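Q: Next comes the sequence, and after it the predicted model I'd like to discuss.
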Amino acid sequence: MDGSGKRVLIVDDDHHARFLLEALLDHAGYTVVPACDGRAALIEVHKRHFDAVITDYRMPFLNGIELLRQIHIQYPQIPVILASGSLPAPDEPLLSDCRPFGWLRKPYDNGLLLELVRSAVDRPCVVS
């Protein structure tokens, strides 16, 4: 098991997608906390420590970019991975002030997803 109990927050408004991602990461040994949208995710981030966040790009209330910004401002040490079926270009102006740790395209390549999460949770904590 690669996750060794590292805590990952999964944020997706699609219940099925959230459930599948939760099952995959749980099986890999991660402690997974699900959230149904960006607002719920911020509540979770304020309650406990996370080693990484995986968030859908398109969600109601608080989308993935807005969530990335809020986490980056308040908890810059938490790596955020953006996921979507249609991602913006990495140089999109919306991302000029902060960048995600990585990008995932749906449907997920499980191997790539697990490698990206492993890389995110194992990186040295550097706060800029």
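A: Sure thing, it's come through.

Q: The closest residue in space to H49 that isn't next to it in sequence pairs with what?
A: Residue nearest to H49 in three dimensions, not counting chain neighbours: R7, with 6.5 Å by CB to CB, 6 or more residues apart in numbering. For every residue, glycine as well, the C-beta is placed using N, CA and C. As for beta bridges, R7 partners with T31 under DSSP bridges.

Q: show me what contacts R7?
A: The neighbours of R7, taking CB atoms under 8 Å, 6 or more residues apart in numbering as the test, are Y30, T31, V32, V33, R48, H49, F50, D51.

Q: among these, who's most crowded?
A: The most crowded member of these, judged by other CB atoms under 10 Å, is Y30 (25 neighbours).

Q: Is L20 in a helix, a strand, or coil?
A: helix (DSSP: H, G, I helix; E, B strand; the rest coil).

Q: Any idea how many residues pack against it?
A: Burial of L20 is recorded as 16 neighbouring residues (other CB under 10 Å).
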